[in-house]
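Colleague: For reference, the sequence and a predicted model appear below.
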Amino acid sequence: MNIQWDLTKLYKDISDTEIQKDIEISIKENKKFATKWKKNKNYLKDPNVLFNAITEYEQLQQKYGQCTKPSYYLSLLNSLNQTDTEVKAKLNNIYEISTKLENEVQFFELSISKIPQSRQKLFLNSPILKNYKHYLETLFLASKYLLSDKEEKVFNITSKTSYSNWADMLSELLDKQKLIVKDDEFTTKTISYNEIGKYLNSPKKEIRDYASKQFNRINKKYFEIAEFEINSILGYKKISDEYRKIPRPDLSRYIADDIDVDIVDTLASVVTEHFDISKRYYTYKAKTLGQKSIKYYERNVPLGPINLEYTYEESMNLVKNSFEKIDPLFSSIVDSFDKNSQYDVMPKSGKTGGAFCISVGKNYPIYILLNHTNRLNDVLTIAHESGHGIHSKLSSVQSELNNGYPTSLAEVASTFFENFTLEQILMNANEKDKIAILNQKVMNDISSIFRQIAFLNFEKELHSQFRSKGYLNKEYISDLYIKHMKSYMGDSVEADDSMKYGWIYVGHFRKFFYVYSYACGLLISKALNSLIKEDKKNVELLKQFLSSGSTKSPKEIFANMGIDITNREFWMKGIREIEQDLLDLDSN
């Protein structure tokens with residue numbers, strides 16, 4: 001069982017001369033495409049010519065992209081050691097080159113998007129362009145908010161200095177920090193910032209209280225920096241939206257995610273109206289812990305017997321066995337990831353925190369990053385990220401321009417496989433452990449649905465207040481954050497320092513309105529789970545979804561499966577399921 005990435009599938013090491021060769025050929029091929037099609041506008045008039053142009057564009061993206069392979073390799077190296085200045089320097093250089101290449105060829109999709117509405121049907125109804133119909137639909141939809149080629153180039157060039165450098169700075173500063181904590185024997189030890197969760201969630205109050213003080217100390221240290229950082233990226237977003245005449249801050253996210261704004265608004269409304277469920281959960285949690293209230297950092301403390309620890313090998317075998325019960329195809333994909341060293345497992349200093357699955361197209365391996373600490377939640381993280389990997393693997397049957405999938409779909413597969421794995425653990429647990437596992441299930445659902453919609457509500461107000469006031473100081477941002485955390489957690493969770501600093505380290509606030517996708521994905525995945533429970537043959541519908549890529553909108557994909565995500569009652573069904581689980585938990 002391999003526990004480190006094998007990046008030699010990309011390059012032998014950072015000094016590999018093939019990296020520079022690939023950069024040079026990517027520059028050459030992008031310029032070749034631009035030279036051929038920038039002045040030749042016949043593809044905007046004739047579907048047959050557009051088919052030839054799109055085919056060439058697709059081949060360019062699949063073979064070279066804008067330095068896709070070198071960028072991928074260096075970003076993976078950087079995530080393993082964010083203190084490596086050589087990697088960081090090369091990554092900055094490749095970013096500049098790839099941005100220039102993106103600017104070189106962006107005219108193509110931009111020009112297509114600007115095809116007059118009166119002529120769009122000619123292309124959408126063309127048999128030769130059938131495979132690219134939805135790709136064209138998304139371009140036409142986005143055109144309303146796209147600027148000229150020159151203006152878009154300016155935003156591309158300045159996005160790193162005005163946006164991503166700020167967010168990366170804070171993330172890397174935090175990841176480099178060392179904390180002193182107490183272990184189960186109450187002896188002190190030094191850990192990295194991204195290992196803190198294990199100690200904040202300790203069943204022993206003394207250990208988690210001590211860890212929280214150290215965690216708050218680091219977050220307080222960067223409180224002022226976070227103020228400047230978040231105001232800078234809020235300002236960047238405001239300028240971008242104003243120039244594009246985008247009427248609301250979250251709209252560009254939903255356009256990019258190929259989901260109707262009304263669908264997300266309905267989802268957010270339904271969940272917010274039922275925050276009483278999450279409040280009841282935290283009241284139950286405080287009572288079970290024997291406390292009148294709990295600290296914010298105690299929100300994820302497991303309840304019940306805490307002997308549920310899993311080594312990485314045990315966790316991986318559990319995930320594979322769970323996936324096998326859905327369909328052997330899924331376990332075989334995970335097994336291939338494992339054998340081919342596509343997981344990087346253990347936390348270490350300098351390594352980015354959390355977990356992710358990353359894929360950059362059909363030609364390159366999928367990689368999954370973990371920070372495994374032997375907890376039940378780490379088993380679920382393997383299942384979650386492996387679900388992303390399965391989704392990417394199966395959607396690769398589509399052509400290059402169709403094999404990706406929007407954020408609105410990204411969390412469906414991951415939460416489906418995570419929840420299914422948790423259910424398998426629950427089924428095989430003894431009666432004593434079932435309470436703890438059921439609590440984990442409810443806790444995860446509360447975090448993925450109610451917490452993320454509270455995050456969305458916070459983010460909306462954050463952008464609105466910034467645009468109204470022009471600048472928000474750190475205390476004001478904290479008050480806003482506390483307001484929205486209390487809205488879903490209620491009075492059973494204290495507005496302590498850990499809540500005050502909570503917005504500092506949530507990277508998703510820097511990705512702008514990404515958080516809705518967790519609630520959206522989990523509630524849809526519950527519906528898929530119900531379909532398979534009703535009839536095992538419906539696993540074919542699951543495979544159909546996983547292999548659809550971006551050939552249709554999420555609304556169309558699920559409508560073809562008999563799931564109507566535009567219907568308010570659809571979202572209510574998932575909420576009721578969580579409420580029933582909470583009732584079952586409270587009755588034990």
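Modeller: Arrived safely, thanks for sending. Bear in mind the structure is a predicted one, so any value in this text is a computation, not a measurement.

Colleague: moving C-terminal of the longest helix along the chain, what's the next helix or strand?
Modeller: Ordering each helix of the chain by length in residues (DSSP state H) puts helix 85-113 first. As assigned by DSSP states H and E, the chain's next helix or strand after helix 85-113 is helix 117-124.

Colleague: residues of that next one that come out buried?
Modeller: 120, 123-124 (16 or more other Cβ atoms under 10 Å). Quick note: C-beta positions are derived from backbone N, CA and C, even for glycine.

Colleague: who touches it?
Modeller: Contacting residues not belonging to helix 117-124 are listed as 47, 50, 115, 129, 133, 136-137, 140 [Cβ atoms under 8 Å, 6 or more residues apart in numbering].

Colleague: Could you list the low-pLDDT ranges of the stretch 201-350 of the chain?
Modeller: 305-307 (pLDDT under 70).

Colleague: can you give me the strands in it?
Modeller: 343-344 (DSSP state E, counting those that start in this stretch).

Colleague: Count the residues that sit near the closest residue to residue 443 other than its chain neighbours.
Modeller: Here the nearest residue to residue 443 in space, its sequence neighbours aside, is residue 300; by Cβ to Cβ, 6 or more residues apart in numbering that works out to 6.5 Å. When neighbours are counted by other Cβ atoms under 10 Å, residue 300 registers 16.

Colleague: give me phi/psi at residue 300?
Modeller: phi -110, psi 10 (degrees, to the nearest 10).

Colleague: on that earlier part again, show me which parts of the longest helix of the chain are buried, residue by residue.
Modeller: Quick answer for helix 85-113 (16+ other Cβ under 10 Å): 87-88, 90-91, 94-95, 97-113.

Colleague: circling back to that earlier point, show me just the buried residues among the contacts of helix 117-124.
Modeller: 50, 115, 129, 136-137, 140.

Colleague: Which of those residues sits closest to residue 369?
Modeller: residue 137 (33.6 Å; Cβ to Cβ).

Colleague: pretty sure the closest one is in a helix, no?
Modeller: Yes. When DSSP: H, G, I helix; E, B strand; the rest coil is applied, residue 137 is found to be in a helix.

Colleague: quick one: contacts for it?
Modeller: Here residue 137 is in contact with 124, 553 (criterion: Cβ under 8 Å, 6+ apart).

Colleague: cool, residue 163 as well?
Modeller: 232-233, 236-237.

Colleague: Likewise for residue 514?
Modeller: With Cβ under 8 Å, 6+ apart, residue 514 has these contacts: 253, 407, 508.

Colleague: Any of those buried? List them.
Modeller: Applying 16+ other Cβ under 10 Å to those flags 253, 407 as buried.

Colleague: Closest one to residue 476 out of the contacts of residue 514, please.
Modeller: residue 508 (20.3 Å).

Colleague: which SS state does the closest one fall under?
Modeller: Classified using three-state DSSP, residue 508 is helix.

Colleague: I'd like to know how far residue 226 sits from residue 380.
Modeller: As for residue 226, its distance to residue 380 is 29 Å (criterion: Cβ to Cβ, to the nearest Å).

Colleague: the helices in the stretch 451-588 of the chain, which residues?
Modeller: 452-469, 474-489, 497-500, 516-534, 539-546, 554-559, 568-587 (DSSP state H, counting those that start in this stretch).

Colleague: Which other helices and strands does the helix or strand harbouring residue 444 contact?
Modeller: Using DSSP H and E, residue 444 sits within helix 431-445. If you count contacts as 3 or more Cβ pairs under 8 Å, 6 or more residues apart in numbering; DSSP states H and E, helix 431-445 packs onto helix 376-395, helix 407-428, helix 568-587.

Colleague: Report the buried residues of the second one.
Modeller: Spelled out, that is helix 407-428. Neighbour-count burial for helix 407-428 [16+ other Cβ under 10 Å]: 407-425.

Colleague: lowest-confidence helix or strand of this structure?
Modeller: helix 431-445 (a mean of 86; mean pLDDT, DSSP states H and E).

Colleague: Tell me which residues of that helix come out buried.
Modeller: So, applying 16+ other Cβ under 10 Å, buried residues of helix 431-445: 433-445.

Colleague: Residue 61: which of these is nearest?
Modeller: Nearest to residue 61, judged by Cβ to Cβ, of the buried residues of helix 431-445 is residue 444 at 36.2 Å.

Colleague: Identify the residues contacting the closest one.
Modeller: Counting by Cβ under 8 Å, 6+ apart, residue 444 has contacts 377, 380, 418, 422.

Colleague: same question, residue 145
Modeller: 244-246, 251-252, 255.

Colleague: Just give me the neighbour total for the closest residue to residue 382 other than its chain neighbours.
Modeller: What sits nearest to residue 382 in space, not counting adjacent residues and going by Cβ to Cβ, 6+ apart, is residue 319, at 5.0 Å. Neighbourhood size, residue 319 [other Cβ under 10 Å]: 29.

Colleague: and the gap between residue 319 and residue 335?
Modeller: Taking Cβ to Cβ, one finds residue 319 at 10 Å from residue 335.

Colleague: and if you look at residue 3?
Modeller: From residue 3 to residue 335 the distance is 15 Å (Cβ to Cβ).

Colleague: Next: residue 139.
Modeller: 38 Å.

Colleague: who has more neighbours, the two?
Modeller: residue 139 (21 against 15).

Colleague: residues in contact with the nearest residue to that one once chain neighbours are set aside?
Modeller: Using Cβ to Cβ, 6+ apart and skipping the chain neighbours, the partner closest in space to residue 139 is residue 113 (4.2 Å). Listed by Cβ under 8 Å, 6+ apart, the contact set of residue 113 reads 139-140, 142-143, 146.

Colleague: Farthest pair within those residues?
Modeller: It's 140 and 146 that sit farthest apart of the contacts of residue 113, by Cβ to Cβ, at 10.6 Å.
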